[in-house]
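**Q** Please work out how this folds:
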Amino acid sequence: MASEELQKDLEEVKVLLEKATTKRVRDALTAEKSKIETEIKNKMQQKSQKKAELLDNEKPAAVVAPITTGYMVKISNYGWDQSDKFVKIYITLTGVHQVPTENVQVHFTERSFDLLVKNLNGKSYSMIVNNLLKPISVEGSSKEVKTDTVLMCRKKVENTRWDYLTQVEKECKEKEKPSYDTETDPSEGLMNVLKKIYEDGDDNMKQTINKAWVESREKQAKGDMEF
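**A** Modelled structure (predicted):
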């Protein structure tokens, strides 16, 4: 029954109650009056509850800000050292010791490692090194995070010396070495060596080479004249 109809019934009962003269009729009307009033009260509560639910449904959904790890930075600056058992890679990242442990991840294979540091000062850092000079022990390798990050690559064969960290680095260095081909002109090979030393040397070295070259040319010219 609608609230409006209940309200009309209540008004009518009140009118009858005023006109009733016998106790029996007054008691019956009083009971009916209480019943209608209770029913009206329940209807009002239900209406208020539905209105509140409707308002809640109309509220915009809370916007949850996505967790961002910032843009990716490739780590290119690092140092490395070695002992009889380990090759140690030193990577300095300010504040890395303050991030959660799970944010520093490293994956080792026998000839590579992959480091990922997530959400450090709004950025993520990545370092991938492939083609290590020699095999490492995956199970024996680990990471240490203090004020910087240290990767401990355990040598698969202990007491072996690594002259380079990667095979690529070794090949590049060997290509830079001067060639001593015995089948070519010896003087040409010597010139290549002197040219390499001159390019890599300091000012004093360059002056010494220039002086030696001038003296050599003067002696050569003098010998030609004597002949």
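**Q** Let me know the average pLDDT across the helix ranked longest in the chain.
**A** Assignment by DSSP state H gives helix 23-58 as the longest helix of the chain. Average pLDDT, helix 23-58: 78.
**Q** now stretch 175-192
**A** 58.
**Q** By mean pLDDT, flag the weakest helix or strand of this structure.
**A** Within the chain, no helix or strand scores below helix 186-200, which has a mean of 62 by mean pLDDT, DSSP states H and E.
**Q** Check whether Q105 sits in a helix, strand or coil.
**A** strand (DSSP: H, G, I helix; E, B strand; the rest coil).
**Q** Quick check: closest non-adjacent residue to it.
**A** L116 (4.7 Å; Cβ to Cβ, 6 or more residues apart in numbering). (C-beta placed from N, C-alpha, C; glycine too.)
**Q** what pairs with that neighbour across the strands?
**A** Q105, S126 (DSSP bridges).
**Q** if I pick L132, what's in contact with it?
**A** V87, R111, S112, F113, C153, L165, T166, Q167 (Cβ atoms under 8 Å, 6 or more residues apart in numbering).
**Q** ok, 7 Å please
**A** The contact partners of L132, by Cβ atoms under 7 Å, 6 or more residues apart in numbering, come to R111, S112, L165, T166.
**Q** measure the first one to V157 for me?
**A** This means R111. In this view, R111 and V157 are 13 Å apart by Cβ to Cβ, to the nearest Å.
**Q** So which of those two has more stuff around it?
**A** R111 (16 against 9; other Cβ atoms under 10 Å).
**Q** Would you mind giving both backbone torsions of the nearest residue to V96 once chain neighbours are set aside?
**A** Nearest non-adjacent residue to V96, counting by Cβ to Cβ, 6+ apart: T149, 5.5 Å away. Dihedral angles of T149 (phi, psi; degrees, to the nearest 10) stand at phi -110, psi 130.
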